[in-house]
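Asks: Provide a 3D model corresponding to the input given below.
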Amino acid sequence: FFVPAEVSKKFRLLRSPTASLISQHPVCISTSQPSPNQTINMADTIKIDVEFTGGLELLFSNQRNHKVSLPAQDQDGEPANIAFLIKHLCENLMTDQKKELFLLDESVRPGILVLINDADWELEGEDQYELQPRDQIVFVSTLHGG
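Replies: Down below sits the predicted model:
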C-alpha cells in the first residue's frame with residue numbers, strides 16, 4: 001500500500017534510537033470489529049430486566065421479575081439479541097420441562113406478546129433486536145382460560 005512521504009518520515013523518527021521510550025512500547029491499533037483471529041472476551045455481559053406475565057411466570061420458578069445477566073455476544077461472536085435471550089432463558093432460567101408452552105420452532109409461541117422497553121417487538125425487529133444494557137423485556141401470554 002502507498003505511504004505518504006510525511007508519514008514515512010515520522011515513522012522513521014519514531015523508530016530512531018533517540019526515541020527509545022517510544023520504541024520500547026509497541027503501538028497497538030484497534031478496530032471496532034474483531035478480526036477472525038482475535039479472541040472475544042466472553043466475560044463481557046449485558047444486564048437486563050425480564051418479566052413474565054399472563055401465566056408464563058409458572059414456567060420460570062413462579063417468579064415474575066428476573067434480573068438477567070447474559071454474554072454480550074453469542075457463540076458466533078454476534079451481538080446478543082432477543083433470539084439469543086430466548087435460548088438463554090430456556091437453558092438457564094426455565095424450571096418447567098414443558099418448553100413447548102413457551103417456544104415454537106426456537107422462537108416464542110404465537111399468543112405470547114413480547115415488549116422491548118414497552119414497545120411491541122415487531123416495531124423493534126422482533127428476535128433480531130440487539131440487546132442493550134438495562135433493557136426491559138416483557139413476555140405476556142395472551143392465551144388463558146376464562
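
Asks: In the protein, mark out all the helices, start to finish.
Replies: With DSSP state H as the criterion, the chain has helices at 5-15, 20-23, 82-92.

Asks: By mean pLDDT, show me the worst of these.
Replies: Lowest mean pLDDT of these: helix 20-23, a mean of 38.

Asks: Which residue, other than its chain neighbours, is closest to G111?
Replies: Excluding the flanking residues, the one nearest G111 by C-beta to C-beta, 6 or more residues apart in numbering is L143, at 4.1 Å. C-beta coordinates here come from the backbone N, C-alpha and C atoms, glycine included.

Asks: Local confidence estimate at that neighbour?
Replies: pLDDT at L143 comes out at 80.

Asks: what residue ranges in the protein score low on pLDDT?
Replies: For the chain, the stretches with pLDDT under 70 are 1-43, 144-146.

Asks: and the longest strand for it?
Replies: strand 45-53 (DSSP state E).

Asks: Sheet partners, orientation included, of that strand?
Replies: Partners of strand 45-53 in the sheet, by DSSP bridges, are strand 65-71 (antiparallel), strand 136-141 (parallel).

Asks: Now for R134: which residues touch it?
Replies: K47, I48, D49 (C-beta atoms under 8 Å, 6 or more residues apart in numbering).

Asks: OK, contacts around the second one?
Replies: Contacts for I48 were tallied using C-beta under 8 Å, 6+ apart; they are K67, V68, L70, L85, L131, P133, R134, D135, Q136, I137.

Asks: Please apply the same query to the last one.
Replies: Neighbour list for D49: N65, H66, K67, V68, R134, D135, Q136, I137 [criterion: C-beta under 8 Å, 6+ apart].

Asks: Is it correct that the first one is in contact with E51?
Replies: Yes. With contact defined as C-beta atoms under 8 Å, N65 reaches E51; the gap is 5.3 Å.
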